[in-house]
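J.: Coordinates only, no sequence provided:
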């Protein structure tokens, strides 16, 4: 028995902070379905089990609703098994009823009730669909008593958080990690955790096939699962399915001389045009260092698909040279001294001091001849 | 620089040569009336110094005199650094320019233009213009003195050079201003001048975005909440529907209904049987009551027959006595009536006699009244005759007072005319001597003595046969009028039918007498109650006399008398007659009472007898009728049969009652039946309710399903997620923009504060020079100078914004600042004349004197040229009086 385990497609997710690039990311999630189908064909798997959260919300637009179905239709030899998750629970007249199961092609299966289904001879799928966002009971419990012919291969399909496991999922929906043993499962395919992870023997989270957030799975992944027969151990192989990489990096800066190294490190990441970088900067820089940092960040942003920089932890520490660059004397120098005094005054609020630093940087950018020329 | 002389030709109103003389150091005043050309001369100086001679600028063309064929020429002589310079330029036609120093030509043409600029230290501008530097600052054109000095770039440079020579450079001031300008420009994209978000700026856009997406999120969340609520409601409805359509539950309810109906049918059958037994028992009871009733009726009939027979016997005994009493009463009644008839006849005789006496009494009264009527008739007839005579005479007298008045007026006028004619006429005096007695005649009159009269008409005097003297008076001017008046008088006399005025007066007097007499007659008639035609009143009196005579005759005929008796006799007869009538009335009343009582007794007797007869008839009829129902012979047999029937009926009733009692003890009671009926109804209703509820739930499910499908089709979940992210993005952008603005504001405020601090020190030389001038007008005051030498405020104990000061004060301060700037430049060896064209127009007497002091103070260091049209007001200024001389020889003075 060979199948592909995937989850958390979350079709229809919005990425408004990416502006015009939003649609690219949305299309990437649909493209991941095609890569899943292709991977299944290449690896000889006839079934793809989707462990919940096919849709990002319960009320998607008609186009969003039909888009993944159309992608799956392109693979008629693959059986797609779709399970409602906490983002798209099955409720009367809900998202799944809108799909009108009777009109779906035969190779797309909606598992809207805890009913066993024979995938192929001697192999049964035991689904545990969610009917609400949050369940207090373990919906996989029914698998313990689910009857299948003796000697059948049993695969569980569920969406939720494994008990006593530090889940990052949004819903409670507890799942007993011992369900595999109790229910005599050969494999329990789980969804909700957006990173590929083995929770226990034969218990896996597939992760999302296309990442959607920073701090989660960097690359989109699915799992190719092969089980020789009932009671045999499951062989699990990760499959790369994602297009865009979402990474988070933190850098501590103490000197402008480090900027070049940091940029080099970041530019060493593969496939920059499809990299979404969240960069957190800490430490302190001179005013000239700040000016250089801004220039480098502009360059870096141009190289990446998206760059998000958090400079709230990066302080401005003007040197004498910075201040002399502004002026040796006179009005601007006096202004710089005043701002520096304000930034150094511990009696001021953090916001005031931070603002004074920013004003100082701004003054440097305006007043320093080289910076102004650069800006021009 | 000190101006020494000015000569123009073909400039403005000066078509020929005009020269300004009298320039000296210090204060110079050109005081002349309006339209003399002061401002034109001022403009000519500027043009000569700062414009190229070959310029075709419109301001130069405008400067040239109208229709003047000569070039517009200006020649200015001035002294600078110990040298005397003459710059002469001709514009418009045959343009030329020459500059001489101490009589030696320095330059010509274009070189002369530029040499003068070099000499004065001003810079050529772009194109063919020139930056006039300090001159532009200190030469105040007409109307420009009200505004504070705003030095152009060149003037600023000059001032800055002077200041920096004293205090050094304001380090970085220019860079700070440029930086501030850039910051302000960026802030200006977001904020208005009052620091409010600019509607088209980034901050306002960010705020609008937040507001927009917050509203969109709220809207989408509302729709999603509604969808969630509908889904929950749908789930609830479906569960209710499933419970409601449970077949086992429905079957159980239907079985219960069947059993309840059977139980009810049993109870209803038992109730029907009871109703039948109750009807039988009721019928038996009614049969018993009928038998008892018939027996009672039979016994009552027998008793009634016996009683009627006893009454018949009693009435038959009472009837003869009642008939006898009736006959006796009828006889007494007839007697009473006969007596009453006789009394009535006597009373009628008394009435006839009383009537005759009343007629006699009335006749006596009429006889007495008749004499009075006769006297009234005589008086009335006499008055009527008098009235008729008076009216007839009045009708003959047609003279009216108005006509007599007109006649009198004519007479008076004629008399007046005659008097006038007599006065004017010749006076004829004739004295007849004894010898001529009787021989002298005037007209027909023979004179016997002396005669004297005016000659009003041709007069003939015959003296015997000796002579005839005719005197013809001259025609008097009033003769025509008199003739006309006489004609009018004759016509008037004819119209009133008299011959003279005296006759008219006599007739009018008679008419007034008659009118007075007539009023007296009418008053007499009114006293006799005659208010109209007296003939009618006379007729009425005659008729009354006739009626009195007729009445007396009738009374005598009725009483059969020949003459009226005395009144005492009539009164005595009346008294006797009254006594006789009282007696007859008493007797008649007594008999009528008797008759009344007798008639009442008769009525009673008749009623008694009639009642007895009627009762007897009724009793006998009843006896006959009752005997027909039950003959005396059948009484016993019928009594026995009825008693037997009653016994049988009572037995049947007892049997039915016992049967009913037994049935009631065995069968269910009414409350039980009602309970079973209620149960059946309840179960039927429950089934109906269940069916209705199922239909309602199905409809609700359909409705909700449609709504949910619609909401799902709208993609509200996706819309909400998008709105939430957009709102968060907008909030971050708003915070970023706000932080950016706050940072720029902090930077701007810091730089501004630094600049202000530096500027205060920088402007100290200006303030030092300004202080004495300011003290002349505003002792102890200080000016607060702002960016670009602008005047922000004056501090006189407290700070007062410059723009809030009065126009006059603003002008005075602006002039003082110019004087101070001039003094500062003069101290640096860059003296430039201060020219004030028609300034200080709003200064009061005290202030203008103080301003003169300030001008005089400034005149110690530099040349001050004041152009004014206020000759008297500026007389106290002193200084050099400038004059304009027109003409080639300069012998004509326009102003001095």
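T.: Happy to help now that I have it. Everything quoted here is computed from the prediction, not taken from an experiment.
J.: List the contacts of whichever strand or helix holds residue B:117.
T.: Assessed by DSSP states H and E, residue B:117 sits inside helix B:110-120. Residues outside helix B:110-120 that contact it (CB atoms under 8 Å, 6 or more residues apart in numbering or on different chains): B:1, B:49-54, B:80, B:85, B:87, B:89, B:97-99, B:106-107, B:123-124, B:130, B:133, B:135. (Each C-beta comes from the backbone N, C-alpha and C, glycine too.)
J.: Check what pLDDT residue A:167 gets.
T.: You'll see residue A:167 listed with a pLDDT of 49.
J.: next one: the one 4 residues further on
T.: Predicted confidence (pLDDT) for residue A:171: 46.
J.: need the longest helix for chain A.
T.: Taking DSSP state H as the criterion, chain A has its longest helix at helix A:22-42.
J.: whoops, I mixed them up, chain B
T.: When chain B is parsed with DSSP H, its longest helix is helix B:247-396.
J.: That one - contacts with which helices or strands?
T.: Applying 3 or more CB pairs under 8 Å, 6 or more residues apart in numbering or on different chains; DSSP states H and E, we find helix B:247-396 packed against helix B:501-527, helix B:534-558, helix B:567-629, helix B:635-666, helix B:670-714.
J.: Among those, which comes closest to chain A?
T.: Proximity to chain A, assessed across those by CB to the nearest CB, is greatest for helix B:670-714 (4.0 Å).
J.: I'd like the average pLDDT over that closest one.
T.: On average, helix B:670-714 scores 84.
J.: what does stretch B:445-465 give?
T.: Rounded mean pLDDT across stretch B:445-465 is 82.
J.: just stretch B:787-801 next, same as before
T.: 82.
J.: now the end-to-end length of it.
T.: 15 Å (CA to CA, to the nearest Å).
J.: Indicate whether that stretch makes contact with chain A.
T.: No - using CB under 8 Å from any CB of the partner chain, stretch B:787-801 never reaches chain A; the gap is at least 12.2 Å.
J.: quick revisit: got the angle between the longest helix of chain B and helix B:567-629?
T.: Here helix B:247-396 runs at an angle of 160 degrees relative to helix B:567-629 (axes from the mean of the first three to the mean of the last three CA atoms, to 10 degrees).
J.: what's the following helix or strand after helix B:247-396?
T.: helix B:401-424.
J.: Output the contacting helices and strands for that next one.
T.: strand B:451-455, helix B:479-496, helix B:501-527.
J.: Just checking: what are the partner strands of the shortest one?
T.: In the sheet containing strand B:451-455, its partner strands are strand B:426-430 (antiparallel), by DSSP bridges.
J.: Could you pull up the residues touching residue 202?
T.: If you meant another chain, say so; for now it's chain A. By CB under 8 Å, 6+ apart, the contact set of residue A:202 is A:180, A:185-188, A:233-234.
J.: ah, I was thinking of chain B
T.: Counted by CB under 8 Å, 6+ apart, residue B:202 has contacts B:189-190, B:737.
J.: re earlier: out of the contacts of helix B:110-120, which are inside helices?
T.: B:49-50, B:133, B:135.
J.: Most neighbours among these, which one?
T.: Counting neighbours by other CB atoms under 10 Å in any protein chain shown, residue B:133 leads these with 26 neighbours.
J.: And the pLDDT at that one?
T.: pLDDT at residue B:133 comes out at 72.
J.: Any figure for the gap between it and residue B:148?
T.: In this view, residue B:133 and residue B:148 are 18 Å apart by CB to CB, to the nearest Å.
J.: and what of residue B:800?
T.: Taking CB to CB, one finds residue B:800 at 14 Å from residue B:148.
J.: go on, residue B:423?
T.: For residue B:423, the distance to residue B:148 equals 105 Å [CB to CB].
J.: And residue B:70, by the same measure?
T.: Residue B:70 is 40 Å from residue B:148, by CB to CB.
J.: Please say which of those two ends up with more neighbours.
T.: residue B:148 (20 against 16).
J.: Out of the ones in helices among the contacts of helix B:110-120, which is nearest to chain A?
T.: The closest of the ones in helices among the contacts of helix B:110-120 to chain A turns out to be residue B:133 (CB to the nearest CB; 25.6 Å).
J.: OK, contacts around that closest one?
T.: By CB under 8 Å, 6+ apart, the residues touching residue B:133 are B:120-123, B:152, B:154-155, B:157-158.
J.: Filter these down to just the ones in strands.
T.: residue B:123 (DSSP state E).
J.: Restricted to buried residues, select the contacts of residue B:133 in PyMOL.
T.: Burial among these is assessed by 16 or more other CB atoms under 10 Å in any protein chain shown; the matching PyMOL selection reads:
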select buried, chain B and resi 120+121+122+154+155+157+158
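J.: any chance of the contacts of residue B:133 in JSON lines, with pLDDT too?
T.: Shown next, in JSON lines, are those (pLDDT from 0 to 100):
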{"residue": "B:120", "pLDDT": "81"}
{"residue": "B:121", "pLDDT": "77"}
{"residue": "B:122", "pLDDT": "77"}
{"residue": "B:123", "pLDDT": "71"}
{"residue": "B:152", "pLDDT": "71"}
{"residue": "B:154", "pLDDT": "71"}
{"residue": "B:155", "pLDDT": "73"}
{"residue": "B:157", "pLDDT": "72"}
{"residue": "B:158", "pLDDT": "75"}
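J.: and which of the contacts of residue B:133 is nearest to residue B:850?
T.: residue B:155 (26.5 Å; CB to CB).
J.: Test my guess that that closest one contacts residue B:123.
T.: No - the criterion here is CB atoms under 8 Å, and residue B:155 misses it with residue B:123 at 10.9 Å.
J.: Good, wrapping up.
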